[in-house]
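Participant: I would like the atomic coordinates for the input below:
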Amino acid sequence: MDKVVRNLLKASEGLLNYTTIVATIVMVVLVFINVLLRYVFKFAITWSEELAVNLFVWVIFMGAILAAINKMHISVDLFTKLMPKKVQKILLIVSNGLVLYALYILADGGQKIAKITHKTISAATGIPFSYVVISVVISGFVMALVVLYHTYLTVCSLVKGEE
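Facilitator: Down below sits the predicted model:
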């Protein structure tokens with residue numbers, strides 16, 4: 001099972017990397033073209049700025065998922081590094097439990113906001129705001145799955161007595 005999850009995580013990471021890169025490129029191109037049109041031709045594409053902001057929100061939350069997969073989120077381990085390995089793993093499990101609770105709050109709040117904003121349509125793009133807000137829910141859910149997987153690995157190594 002561990003190998004299947006690891007392969008799924010690796011494939012998801014690749015897809016997420018590609019999607020994030022494409023979204024960033026589209027965002028930069030939209031902004032560049034709009035700046036060029038505005039200053040050279042005194043004309044602007046009305047929807048490009050809003051679409052770039054919406055893409056930016058998605059890029060931020062996709063980046064948060066990538067950081068969770070690669071364990072790149074900021075953590076303060078000044079005191080835990082002084083503890084024995086077994087205590088470090090127990091503290092990591094407790095910490096992951098707190099992170100899961102925070103991700104639950106994030107996803108729950110995001111879905112409530114998505115419900116509220118579903119009928120609110122953007123003036124420039126015509127896209128419901130919930131399409132942007134749903135990125136919060138998706139990232140919270142996916143990051144929770146990643147944290148659960150990392151916690152599972154920590155518990156397994158703790159049970160096996162591995163360093």
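Participant: can you list the buried residues in the helix or strand bottoming out on mean pLDDT in the chain?
Facilitator: For the chain, counting by mean pLDDT, DSSP states H and E, helix 2-40 ranks last in confidence among helices and strands (a mean of 92). For helix 2-40, a neighbour-count test (16 or more other CB atoms under 10 Å) marks 12, 16, 20, 23-24, 27, 30-31, 34 as buried. (Glycine included, C-beta is placed from N, CA and C.)
Participant: of the residues you listed, closest to residue 66?
Facilitator: Relative to residue 66, the closest of the buried residues of helix 2-40 is residue 16; by CB to CB it sits at 5.7 Å.
Participant: which residues are in contact with that closest one?
Facilitator: With contact taken as CB atoms under 8 Å, 6 or more residues apart in numbering, residue 16 is in contact with 62, 65-66, 69.
Participant: just curious, which of the residues you listed is nearest to residue 121?
Facilitator: Lowest distance from residue 121 to these (CB to CB) belongs to residue 62, with 23.9 Å.
Participant: test my guess that that closest one contacts residue 22.
Facilitator: No - Residue 62 lies out of contact with residue 22 (CB atoms under 8 Å); the separation is 10.6 Å.
Participant: in the chain, which spans are strands?
Facilitator: Using DSSP state E, the chain contains no strands.
Participant: please pick out the residue of it most distant from its centre.
Facilitator: Using CA atoms, centre = their mean, the residue of the chain lying farthest from its centre is residue 41. It sits 37.6 Å away.
Participant: and that residue, how far from residue 33?
Facilitator: 11 Å (CB to CB, to the nearest Å).
Participant: for the protein, give me the ranges with low pLDDT.
Facilitator: Counting by pLDDT under 70, the chain contains low-confidence ranges at 1, 163.
Participant: pull out the buried members of the contacts of residue 16.
Facilitator: 62, 65-66, 69.
Participant: and the furthest pair within those residues?
Facilitator: Greatest spatial distance among the buried ones among the contacts of residue 16 (CB to CB): 62 and 69, at 10.7 Å.
Participant: give me the neighbour count for residue 54.
Facilitator: 21 (other CB atoms under 10 Å).
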